[in-house]
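1. got a sequence here, can you model it:
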Amino acid sequence: MRAAFEIQTAADGKYVFDLKSANDRVILTSQAYESRESAREGIVSVRQNAPIEERYEERSGADGLRYFVLIAANRQVLGRSQMYSTREALRKGIASVRKNGPIAEIVDLSLHVRSAAGEGFGRS
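-> Numbers count the residues shown, from 1 in each chain. Prediction:
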């Protein structure tokens, strides 16, 4: 499997995407977008910013676990990582986004809709 951006429809009808590495692990999750097109524009921005080391901010949660965010030049958060227990693991996560972000394909799961219930597959 190759790295991929997976666009999904959330329960509230908004669109989100995950950047998954080749081993199918989520390495970055986007904010919610109002439209599918806006989510695709977010992916373009991740592709542009992912290779730039200065676009990553390391942060800590209240529980002491670490995570990072990828930010655009205008300081808008483009995506957030999972939580990491060590800085070394966090740095590996950043390296994976830097490597995979610019080349990942787009898989649009939001196009698959449950016809009976009228609900989209994706997040709740």
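
2. rest of the way, CA atoms for contacts and neighbours
-> Will do.

3. ok, residues contacting whatever helix or strand Ser96 lives in?
-> Using DSSP states H and E, Ser96 falls within helix 87-100. Contacts to helix 87-100, defined as C-alpha atoms under 8 Å, 6 or more residues apart in numbering, come from residues 3, 19, 21, 27-28, 50-53, 56, 66-68, 81, 84.

4. again, but for stretch 68-80
-> 28-31, 42, 45-46, 49-50, 55-59, 67, 81-82, 90, 94.

5. same question for stretch 6-24.
-> 1-5, 26-36, 39, 96-97, 100-101, 104, 106-110, 119-124.

6. now the buried members of the residues you listed.
-> When the contacts of stretch 6-24 are checked for burial by 16 or more other C-alpha atoms under 10 Å, the buried set is 3-5, 26-30, 32-33, 36, 39, 96-97, 100-101, 104, 106, 108-110, 120-122.

7. could you turn the buried ones of the contacts of stretch 68-80 into a ChimeraX selection?
-> Buried subset of the contacts of stretch 68-80, written as a ChimeraX selection, criterion 16+ other C-alpha under 10 Å:
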select :28,29,30,42,45,46,49,50,55,56,67,81,82,90,94
